[in-house]
Every structure is written in structure tokens, then in C-alpha cells.
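In: using only what follows, build the 3D model:
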Amino acid sequence: MPKINGNEIRPGNVLDHNGGLWVAVKVDHVKPGKGGAFAQVEMRNLRNGSKLNERFRSADKVERVRLEQKDQQFLYESDGMLVFMDNETFEQIELPVEILGERRPFLQDGMTIQVEYYDAEALSATLPQKVQCKVVETEPVVKGQTAANSFKPAILDNGIKVMVPPFIAQDEDIIVDTGSMEYSERA
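Out: As a prediction, this is how the structure comes out:
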């Protein structure tokens with residue numbers, strides 16, 4: 001694995017630190033009046049989700065890990081496990097539902113997601129940036145209210161509540177940003 005200096009750590013980097021795999025969430029470069037500069041790094045453990053704040057001086061060496069990313073197609077769910085198929089080898093793998101966290105309702109049949117592997121261990125899964133959903137319940141459209149910069153609550157076909165513009169009606173398809181879990185645009 002390549003070693004990098006403490007001042008080369010960037011958000012999103014995966015580091016092998018203290019026997020665990022950590023992803024850098026936030027990096028602040030600090031140059032105090034006295035002493036040497038350092039990077040204050042907020043990290044999250046990829047295996048158990050715990051957080052850690054660590055200070056790295058520019059002379060400190062840390063191992064940067066490269067994760068292998070594979071596209072997997074969602075097939076079905078059974079007993080709290082999600083079954084995916086590798087698009088190249090057609091092998092099927094099972095991953096726990098918790099790997100998607102709160103974004104699990106946006107997973108749809110046949111959807112292709114990106115799974116990150118370290119050796120043969122699946123560490124994280126990423127949904128597509130935008131997903132199409134149907135509005136199943138919202139307030140009726142009120143004429144003349146489209147000029148105001150206001151939003152109204154809506155419930156989607158997957159049970160998630162989002163705020164939508166006033167011109168969105170019931171049974172309409174919308175695009176939702178899975179990163180922020182907010183309305184993006186009309187479908």
C-alpha cells in the first residue's frame with residue numbers, strides 16, 4: 001500500500017490506521033503560531049461506523065488504501081440480506097441491509113449500485129445520485145401559489161417524506177437526490 005504524508009490526507013481518502021480502515025470525513029490544516037503545522041482529521045471507521053479525531057504532522061506517514069469498486073445489480077431481499085449480482089462475472093453476493101443505511105428505501109429492483117471492496121470484504125455501497133420516485137400523497141395544487149418559494153410535504157411510493165414545490169401533484173413522478181434525500185426535479 002502507498003504511504004502518504006499527514007499533510008496529503010484529503011476528505012474521502014481511505015486510511016489504514018491503528019489496525020482499522022478509516023475514511024477521512026473532514027480535514028483541517030492548522031498552522032499554529034508556535035510549533036509545526038498539522039492536519040486535524042475527522043475519520044469514520046468503515047467496518048463499525050465509529051468516529052475518531054486524529055492529528056497528523058506533515059512528517060507522519062500513513063497508509064492510503066485503494067478500494068476496488070464494482071457495479072452490482074440488485075436482485076431481491078431475503079432475511080435481512082440484499083442479494084446482488086456482479087455485472088461482469090454474474091456471481092451473486094449477499095450484503096446486509098445496513099450497508100445502505102437510511103438510503104435503503106431508494107433501492108429499486110434491477111438498480112445498479114456501486115459496492116466498494118477491500119480484498120473480498122464489501123465495506124460500503126453507493127446508490128445512483130438521482131432516483132425516480134412516485135408521489136403517493138401530497139396536498140392538492142393551489143392555483144397562483146407557484147411564485148412563492150415554498151415547499152409542501154409529500155410521501156413517496158417508498159414511504160419516505162420529502163418536501164416538494166407547490167406545483168407537484170399526487171401520482172406524479174419526481175427525481176430525488178439520494179445524497180441529500182431531497183427533491184431534485186420533475187421526472
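
In: make sure residue 104 is indeed in a strand.
Out: No. Secondary structure of residue 104 (DSSP: H, G, I helix; E, B strand; the rest coil): helix, not part of a strand.

In: that one contacts residue 95, correct?
Out: No. Proximity of residue 104 to residue 95 does not meet the contact threshold set by Cβ atoms under 8 Å, at 11.2 Å. C-beta coordinates here come from the backbone N, C-alpha and C atoms, glycine included.

In: what is the residue positioned nearest the centre of the chain paired to in the beta sheet?
Out: Centroid-nearest residue in the chain, with Cα atoms, centre = their mean: residue 126, separated by 5.3 Å. In this structure, residue 126 has beta-bridge partners residue 114, where bridges are defined by DSSP bridges.

In: and it, what pLDDT?
Out: On the pLDDT scale, residue 126 is placed at 86.

In: pLDDT-wise, which helix or strand of the protein ranks last?
Out: For the chain, the helix or strand with the lowest mean confidence is strand 121-126, at a mean of 84 (criterion: mean pLDDT, DSSP states H and E).

In: that one: which residues count as buried?
Out: Using 16 or more other Cβ atoms under 10 Å as the test for burial, strand 121-126 gives 122-125.

In: where in this structure is pLDDT low?
Out: Low-confidence regions of the chain, defined here as pLDDT under 70, cover residues 1, 144-148.

In: mind running it again at 50?
Out: Segments of the chain classed as low confidence (criterion: pLDDT under 50) are not present in this model.

In: so it: which segments form each domain?
Out: Per automatic domain parsing, the structural domains of the chain span 3-65, 68-126, 130-186.

In: quick one: distance of the longest one to the chain centre.
Out: Right, domain 3-65. A distance of 20 Å separates the C-alpha centroid of domain 3-65 from that of its chain, computed with Cα atoms, centre = their mean, to the nearest Å.

In: kindly check the end-to-end length of that domain for me.
Out: 9 Å (Cα to Cα, to the nearest Å).

In: again with the second one
Out: This stretch, domain 68-126, spans 13 Å end to end (Cα to Cα).

In: same thing with the shortest one?
Out: The straight-line separation of the ends of domain 130-186 (Cα to Cα) is 12 Å.
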